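**Q** could you work out the structure for the sequence below:
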Amino acid sequence: MAVFNGNIIDYYWAICWNIPLIANNTRYDPRQLDVISKNLFSHGTISRKDFHYIFDDRILRDCTPGTYYYLAGLIDGDGYLGRNTIEITMHANEISLLYRVKSLFNGSVSLKSTNSARWRLSKGRFNVINIISDKVLTTRKHDQLLENYDIKTCNIVNPKYFDYYIAGFFDAEGYVNLDRNIIRISQKDSKVLNYIRDYFGCGKLYFDKAWNGYILDFGSRKSVLTLTEAIVNKTIVKRPSLISIHKNLK
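**A** Below is the predicted model:
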């Protein structure tokens, strides 16, 4: 049971873990967004200026284009398209996200270790392949599609849904530093980071020889706000950090 005390992050976790929410002495299903919002606004629990933090929780719950592009970004960051299985591996404390993937696409979720969790799909993997094959952007995923599924694809950025792709990719590869108010996205493949930088028109891309990969750095106030305002209502596991940094800089 979660009690809403005016803290948006408490509200987020109620939805993320799909547990009942108590607001103003009334119990709600956390997905009843319209009812909750009206109740909280009418009682002054939150103000209208925070409305953009209330989000439609359809990503990885309904089969929508936003879900499919989010999933493609997530798989580009933390996924593997094998011949017999599709996998997504994340930190163990992000296992709730993997259960959301499982609830929509089936498969299984398990702890690989104390620090990592994995979603794996064998039967039904071709459905997911058909969904994301024209949406993934990294060279490695293109190579896996060609080698394991004989699918040759090319890079196609769909501006209408690219925010959703970036949100999924950020949940996999994004990092928020609240002490310095900076955001970074890291990846071995610089191509995707270039797409993101060009899409937003901001961010500094550089090579980090410490791990032989690339980092897209959003270090200015303007660039951080540009990124957060585009994806904060579409991310899942990184949303609390994005909300915090956005409120720090507003």
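**Q** per-domain residue ranges of this structure.
**A** Here the domain parsing of the chain from automatic domain parsing is 2-53, 65-149, 162-249.
**Q** now the ones you listed as TSV including mean neighbour count, mean pLDDT and distance to residue 155?
**A** (C-beta placed from N, C-alpha, C; glycine too.) Converted to TSV, the domains of the chain look like this (neighbours: other C-beta atoms under 10 Å; pLDDT from 0 to 100; distance: least, C-beta to C-beta, whole Å):
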stretch	mean neighbour count	mean pLDDT	distance to residue 155
domain 2-53	15	43	31
domain 65-149	18	96	5
domain 162-249	18	96	7
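**Q** in CSV: those, plus distance to residue 156.
**A** Output for the domains of the chain, formatted as CSV (distance: least, C-beta to C-beta, whole Å):
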stretch, distance to residue 156
domain 2-53, 29
domain 65-149, 6
domain 162-249, 10
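**Q** and residue 59, which of these is closest to it?
**A** domain 65-149 (5.1 Å; C-beta to C-beta).
**Q** got the contact list for the lengthiest helix in the chain?
**A** In the chain, taking DSSP state H as the definition, the longest helix is helix 65-78. Counting contacts by C-beta atoms under 8 Å, 6 or more residues apart in numbering, the residues outside helix 65-78 that touch it are 58-61, 81, 86, 88-90, 97, 101, 104, 128, 131-132, 135-138, 141, 158, 160-162, 164-173, 187, 192, 234.
**Q** tell me which helix or strand comes right after it.
**A** Once the chain leaves helix 65-78, the next helix or strand it forms, by DSSP states H and E, is strand 79-81.
**Q** what's in contact with that next one?
**A** 75, 86-89, 129, 141, 144-145, 148-149, 172.
**Q** out of those residues, who's nearest residue 200?
**A** When these are compared for distance to residue 200, the smallest value, 17.9 Å, is given by residue 172; criterion: C-beta to C-beta.
**Q** how about that closest one: what's its closest non-neighbour residue?
**A** Computed as C-beta to C-beta, 6 or more residues apart in numbering, the closest residue to residue 172 that is not its neighbour in sequence is residue 77, at 2.5 Å.
**Q** got it, and residue 62?
**A** Of all residues apart from its sequence neighbours, residue 104 sits closest to residue 62 (C-beta to C-beta, 6+ apart), at 7.9 Å.
**Q** mind listing what that neighbour touches?
**A** Residue 104 makes contacts with 60-63, 67, as judged by C-beta under 8 Å, 6+ apart.
**Q** in PyMOL, how would I select the buried members of those?
**A** Only the buried entries of the contacts of residue 104 go into this PyMOL selection, using 16 or more other C-beta atoms under 10 Å:
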select buried, resi 60+67
